[in-house]
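Student: attaching a predicted model along with its sequence, questions to come.
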Protein chains: 2
Amino acid sequence: MDKSPEALAQAVLGRIFIELEASARHVHLTEAQAQALFGHGLTQDRPLSQPGQFLARERVDLVGPKGTICRVAVLGPARKEAQVEISVTDGRLLGIRPPVRQSGDVAGTPGILLSSSRERIAIREGVIAARRHVHLTPETAERFHVTDGQTVQLQTFTQRPAIFQDVVVRVSRDFADRAHLDLDEANACGMEPGDLGRILS
Amino acid sequence: MDKSPEALAQAVLGRIFIELEASARHVHLTEAQAQALFGHGLTQDRPLSQPGQFLARERVDLVGPKGTICRVAVLGPARKEAQVEISVTDGRLLGIRPPVRQSGDVAGTPGILLSSSRERIAIREGVIAARRHVHLTPETAERFHVTDGQTVQLQTFTQRPAIFQDVVVRVSRDFADRAHLDLDEANACGMEPGDLGRILS
């Protein structure tokens, strides 16, 4: 075990706070969609904070009825279903009203056109504004006395402090402890990288 | 006094809640700047919720180091100093980091270029992200037990509920009771027109 003063300080902070992370707009693709759009599967640019997840080198344009957002991040690995996570602000530009949904819960959500230099793919559903959520390991969830699926409040220690309500807790061995806000929420609370939050259950 | 059921319901709601309003990006100009940009003073398009304030027919482009936002709303009447109120999201597009300030407190803030078809004016300071605030009449302030300049928490009864902290109270006979959030904040809490909030002091 790393017993440097920094590691100890981190361990103490982790008992009280959770690191905040902003999710900028991004797209999840199926393997077949990646093949069609890029001529190959997704390739890794850099790993993300959640173990196994990565930012891909590949990018797509989102084409909505009112506007286009170019070169949007694609996250890997490929999934069983496409999903497009945007902010309400993005939605206004595209001309789409994204419903607030948990990742994977895309039934009945709006579709969109995904475009690369090689191909255009219309998806029939999958555009959402991601519901605020906290990723926790089982150990951290136990320490914070919360369980998978529970909703909590998240207090942000940020320039424009706020308490976000109705934040869903997700617990898995595969997670790293992080609170995820979308860009509207991150900007609304004046979040900077490294800022911390606190779960109020 | 209007004693219709609707007016009574409004009066009861007003004892507990406050109407939320989103402030989209906008510009305040001096009389001289309006004359230079448009060749005449500001003319009214429609009145705003705050008595005496109006949305002007005239619009300006905001030209930042990284991007331009076209046809931005100008609010009247003219002021002693120019002020440009944008969101952090807007700031990213323009290439300007707006500090969070109360209206009128613009010393040391970034400048920007204001552009019309007729003239371009560089202002040396005045670009801010408006600090969350609540406008109250003296009567409402007394009823809510808050005073001018006090900071409170504002709970929003919106699709994505939140409690905004560090909300400044402004009290004046010239005000209508309204809580003002910027567009990042309004989108972060899923605000729709007519939504209500509650002051937690």
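Tutor: Now that the structure is in, tell me what you want to look at. Every value quoted in this text rests on a predicted model; they were computed, and no experiment measured them.

Student: just to check, A:Leu55 is in contact with A:Pro77?
Tutor: No - in this structure A:Leu55 lies outside contact range of A:Pro77 using CB atoms under 8 Å: 11.6 Å. Using the backbone N, CA and C atoms, a C-beta is placed for each residue, glycine as well.

Student: how near is the residue positioned nearest the centre of chain A to A:Glu142?
Tutor: Nearest to the geometric centre of chain A sits A:Ser23, at 4.3 Å (CA atoms, centre = their mean). As judged by CB to CB, to the nearest Å, A:Ser23 and A:Glu142 stand 25 Å apart.

Student: what is the mean pLDDT for the helix or strand hosting A:Asn187?
Tutor: When elements are assigned from DSSP states H and E, A:Asn187 belongs to helix A:183-188. Mean pLDDT, helix A:183-188: 96.

Student: what residues does chain A have near chain B?
Tutor: A:87-89, A:100, A:131-132, A:153, A:159-166, A:182-185, A:187-190 (CB under 8 Å from any CB of the partner chain).

Student: who's in contact with the lowest-mean-pLDDT helix or strand in chain A?
Tutor: In chain A, no helix or strand scores lower on mean pLDDT, DSSP states H and E than helix A:5-16, which sits at a mean of 84. Residues from elsewhere that reach helix A:5-16 (CB atoms under 8 Å, 6 or more residues apart in numbering or on different chains): A:1, A:140, A:143, A:177, A:196, A:198.

Student: pretty sure A:Thr140 sits in a helix.
Tutor: Yes - A:Thr140 forms part of a helix when assessed by DSSP: H, G, I helix; E, B strand; the rest coil.

Student: okay, it: pLDDT?
Tutor: 95.

Student: ok, the closest residue to it other than its chain neighbours - how many residues close by?
Tutor: Leaving aside its sequence neighbours, A:Thr140 sits nearest to A:Asp177 (CB to CB, 6 or more residues apart in numbering or on different chains; 4.9 Å). A:Asp177: 18 surrounding residues under other CB atoms under 10 Å in any protein chain shown.

Student: same deal with A:Ala129?
Tutor: Neighbours of A:Ala129 (other CB under 10 Å): 26.

Student: in terms of contact, does A:Val168 touch A:His135 like I think?
Tutor: No - counting by CB under 8 Å, A:Val168 stays clear of A:His135, with 10.3 Å between them.

Student: compare neighbour counts for these two and give me the winner.
Tutor: Just comparing A:Val168 and A:His135: by other CB under 10 Å the higher neighbour count belongs to A:His135, 21 against 15.

Student: for stretch A:179-188, the distance to its chain's centre please.
Tutor: In terms of CA atoms, centre = their mean, to the nearest Å, the centre of stretch A:179-188 is set 10 Å apart from its chain centre.

Student: which SS class is A:Gln35?
Tutor: Strictly by three-state DSSP, A:Gln35 counts as helix.

Student: how about the helices of chain A, start to end?
Tutor: A:5-16, A:31-38, A:88-94, A:138-143, A:183-188 (DSSP state H).

Student: residues contacting A:Val127?
Tutor: A:Val127 neighbours (CB under 8 Å, 6+ apart): A:84, A:86, A:91, A:96, A:98, A:109-112.

Student: ok, A:Gln102 - how many residues close by?
Tutor: Neighbours of A:Gln102 using other CB under 10 Å come to 14.
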